[in-house]
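**Q** sequence and predicted structure below; questions after.
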Amino acid sequence: MKHSMPQLPYTMEALAPYMSQETLEYHYGKHLQTYVDNLNKLIAGTPFENMTLEDIIRKADGGIFNNAAQTWNHTFFFETLTPRQTAMPDKLVQKLTEDFGSPEAFKQEFTQKATTLFGSGWVWLTEDTQGKLSIQTEPNAGNPLTKGMKPILVLDVWEHAYYIDYRNRRAAFIEAFWNLTDWEKVALRIT
């Protein structure tokens with residue numbers, strides 16, 4: 001199975017001013033494209049060649065894992081963004097209140113973990129098999145699928161995600177992220 005680039009659900013300039021067209025050209029158009037291309041090269045002629053990204057992530061290691069996970073992680077991240085932010089559906093408000101105290105408490109904890117994650121990586125809202133939500137931080141290409149968790153929301157805190165627009169101000173990028181989150185999509189992902 002040849003893996004391909006996902007189609008963005010918005011135009012390249014649509015996320016401005018929070019995320020510029022230039023950032024998307026590099027982050028989506030170059031970084032993600034490189035992961036997809038590398039993955040296809042690495043899996044050719046291997047047992048991973050006909051697997052889904054999820055199966056590769058659960059079974060591979062090394063370069064194959066890194067490129068598969070980065071392809072999946074970036075796709076999930078870009079698909080969660082929207083130029084026209086939606087209100088948080090009641091179902092999601094209720095679940096965040098149940099597991100974090102309130103949506104505001106969730107956002108505060110998520111922001112804190114994203115701000116303090118050392119180096120490159122990802123911050124995930126995940127759901128376990130019992131339906132409980134939690135926030136996980138994963139370095140490098142880490143993905144909660146490897147731990148049996150269901151991804152619900154993710155923020156990319158690799159420097160390439162924000163350096164064009166925010167330079168070294170990760171906290172400003174995280175704040176901008178909350179203006180781009182498609183809460184309806186997030187709500188659809190919870191059980």
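**A** That came through fine.

**Q** can you show me the strands along the protein?
**A** Taking DSSP state E as the test, the strands found in the chain are 121-127, 133-139, 150-156.

**Q** can you redo the ones you listed as JSON lines with mean pLDDT, mean neighbour count and distance to N179?
**A** Where C-beta positions appear, they are placed from N, C-alpha and C, glycine not excepted. Shown next, in JSON lines, are the strands of the chain (pLDDT from 0 to 100; neighbours: other C-beta atoms under 10 Å; distance: least, C-beta to C-beta, whole Å):
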{"stretch": "strand 121-127", "mean pLDDT": "98", "mean neighbour count": "23", "distance to N179": "17"}
{"stretch": "strand 133-139", "mean pLDDT": "98", "mean neighbour count": "17", "distance to N179": "19"}
{"stretch": "strand 150-156", "mean pLDDT": "98", "mean neighbour count": "22", "distance to N179": "13"}
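
**Q** dump those to JSON lines, plus distance to K107.
**A** Formatted as JSON lines, the strands of the chain follow (distance: least, C-beta to C-beta, whole Å):
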{"stretch": "strand 121-127", "distance to K107": "10"}
{"stretch": "strand 133-139", "distance to K107": "10"}
{"stretch": "strand 150-156", "distance to K107": "11"}
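
**Q** D61: which of those strands is closest?
**A** strand 133-139 (14.8 Å; C-beta to C-beta).
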